[in-house]
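J.: predicted coordinates and the sequence they were generated for:
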Amino acid sequence: MIDFSSRQLRAFLLVAEHHSFTRAASALFITPSGLSVMIRELETQLGFRLFDRTTRQVDLTLHGRQLLAVARRSLDEIDAATARIARLSLESSDTLSVGSGLVASANILPPAIKQFRSRRPEIQIRLVDADPWTVQQQVEAGELDIGLGSFKRAPAILRTPFFQFSLMVARPEIPGRAARNRTGDATRVTPRGSTTWQSLKNERLIAQAPKSSVQQLINRELARAGVTSPPALVLNRLDTVLAMVEAGEGIAVVPSFALPACRYRHVVMSHLTNPRVTLVSTRFVIVDGSCLRRPTTSRRFCRTTSPAGRDVQGCCKEIGTLRSRRAAL
């Protein structure tokens, strides 16, 4: 009985497709010498040569052409079966894994998960709070079902708009001037009028690290407004930025979805205008039509969103829309 792996067959298909060991090895993320060894081992197991090699080109032998159709059909069937089983697994799974950035995990997902549990009590939610890069990597690796946040474009994922947020300025509260809500309790997150980007030129700014996609947008808008001086402080977490604003160390430009994080801080918020910049928070999930391309073949591998996944996305959208409306007041 001949014993060879699907990886060897995929390597064979790629060499046949590219007519080059170098290009096929690049697609497999291995060295050309490693690919040569793999093909040589496959030829030894089969008992015949698959390729005629010259210094300029690699061509299939007669036996190789005969094997090509069979190998391609077999791998197509394996890929289709894998996708079908993965889809059924998602639909029947009683656990849904959701990843999000730290602020959204603390302020948007908890009420969304509570709402989701009232609708689907049989489904368990596994929440991962991490930076956007980690969330995106885990979704691409299949470790998370859904990611929520602002993410860069990537060829392997589909980003769908969820809800919009604007950019605001957070300032330290002036003692004795806390805003009052309808019940008379002090609230420090009520927006106070508006501020223009140009008026920030002489301010002491506190910023998040530039690896944040939101901070990158903020930096571009500051540059357009002529605010070119470096920030006084650069910090990793938005909560720390707000804490330093509260301590009087400066002001910060933050997204309006940070409003819930300001509930217990002595800071006031103002809308930024001229221009008013809108953010779109996006979720991404591996779905039909936006499929991962396997590194070992040119074909695509698709997984669909489960019904539970669609339900939790709907709950997140409802909560996010509510937060957006409150921020616009």
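T.: That came in fine, so what should we check first?
J.: show me where the protein has helices.
T.: Counting by DSSP state H, the chain forms helices over residues 6-18, 21-28, 32-46, 62-92, 102-107, 109-119, 132-140, 213-224, 238-246, 307-328, given from the N-terminal end onward.
J.: reformat those helices as CSV; add mean pLDDT and distance to Glu203.
T.: Where you see a C-beta, it was placed from the backbone N, CA and C, and this is true even at glycine. Written out in CSV, the entries for the helices of the chain read as follows (pLDDT from 0 to 100; distance: least, CB to CB, whole Å):
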stretch, mean pLDDT, distance to Glu203
helix 6-18, 90, 56
helix 21-28, 88, 49
helix 32-46, 91, 56
helix 62-92, 82, 49
helix 102-107, 76, 23
helix 109-119, 82, 32
helix 132-140, 81, 27
helix 213-224, 88, 10
helix 238-246, 93, 11
helix 307-328, 57, 21
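J.: could I get those helices as a markdown table with distance to Glu173 and mean neighbour count?
T.: A markdown table is the format used below for those (distance: least, CB to CB, whole Å; neighbours: other CB atoms under 10 Å):
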| stretch | distance to Glu173 | mean neighbour count |
| --- | --- | --- |
| helix 6-18 | 61 | 20 |
| helix 21-28 | 57 | 18 |
| helix 32-46 | 62 | 15 |
| helix 62-92 | 47 | 14 |
| helix 102-107 | 20 | 20 |
| helix 109-119 | 26 | 17 |
| helix 132-140 | 30 | 19 |
| helix 213-224 | 22 | 17 |
| helix 238-246 | 8 | 20 |
| helix 307-328 | 18 | 18 |
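J.: between these, which one is nearest to Pro255?
T.: helix 213-224 (5.6 Å; CB to CB).
J.: from the contact counts, what lies against that closest one?
T.: The contact analysis (3 or more CB pairs under 8 Å, 6 or more residues apart in numbering; DSSP states H and E) places helix 213-224 against strand 158-172, strand 206-208, strand 252-255.
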